[in-house]
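Participant: my questions are about this predicted structure, shown below with the sequence.
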Amino acid sequence: MDLYQEEILEHYHHPQNSGKLNNPTHERCANNPTCGDKICVTIDVINDVINDINFEGEGCAISQAATSMVTDKIKGDTVENALAITRDDIIDILGIEVGIGRIRCALLGIETIQKALEYGKIKK
């Protein structure tokens with residue numbers, strides 16, 4: 001358990017794929033008003049593959065770490081696979097049980113990514 005908690009803290013303090021892409025094909029922002037978490041994602045999709053993905057966010061360790069970890073997982077994968085990620089997949093990625101009060105925090109990143117992929121296409 002401590003190993004997973006250390007990994008969560010590492011991703012919180014040093015998030016992967018942090019920042020904003022210059023020319024994304026998709027983008028979306030969302031927040032969790034209950035906790036004050038905010039996530040904005042920018043994604044570059046080429047031929048239905050997530051070529052690159054970045055995020056900017058603020059909030060609790062769970063929301064930021066889960067987003068960092070899931071961006072690592074889906075970069076280079078298909079849009080279809082990213083859209084298929086579930087609540088249970090996020091809990092597996094985190095490696096810890098997430099209480100009822102924190103599950104929305106844990107899911108904010110993937111929900112924002114999935115909405116960006118479904119509805120956040122940028123018209124060029």
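Facilitator: The structure has been received and is ready for your questions. Residues are numbered from 1 along each chain as shown.
Participant: residues contacting the residue nearest to Asp89 when sequence neighbours are not counted?
Facilitator: Leaving aside its chain neighbours, Asp89 sits nearest to Ile110 (8.0 Å; criterion: CB to CB, 6 or more residues apart in numbering). (Glycine included, C-beta is placed from N, CA and C.) Neighbouring residues of Ile110 by CB atoms under 8 Å, 6 or more residues apart in numbering: 66-67, 70, 85, 89-90.
Participant: quickly find the element holding Ile110.
Facilitator: Per DSSP states H and E, Ile110 falls inside helix 103-119.
Participant: for Glu10, same thing?
Facilitator: Taking DSSP H and E as the definition, Glu10 sits inside helix 2-13.
Participant: can you show me the strands along this protein?
Facilitator: Secondary structure of the chain (DSSP state E): strands at 26-32, 37-46, 49-58.
Participant: the helix holding Glu10 packs against which elements?
Facilitator: Counting contacts by 3 or more CB pairs under 8 Å, 6 or more residues apart in numbering; DSSP states H and E, helix 2-13 is packed against helix 61-74.
Participant: touching, Glu118 and Glu80? I think so.
Facilitator: No. Look at Glu118 against Glu80 with CB atoms under 8 Å: they stay out of range, at 11.5 Å.
Participant: so Tyr119 sits against Leu83, correct?
Facilitator: No. Assessed by CB under 8 Å, Tyr119 is found out of contact with Leu83, at 11.6 Å.
Participant: hey, what's in contact with both of these two?
Facilitator: In contact with both Tyr119 and Leu83: no residue, using CB under 8 Å, 6+ apart.
Participant: the two: which has the busier surroundings?
Facilitator: Leu83 (13 against 9; other CB atoms under 10 Å).
Participant: that older thread, can you say which of the contacts of Ile110 are buried?
Facilitator: 66-67, 70, 85, 90 (16 or more other CB atoms under 10 Å).
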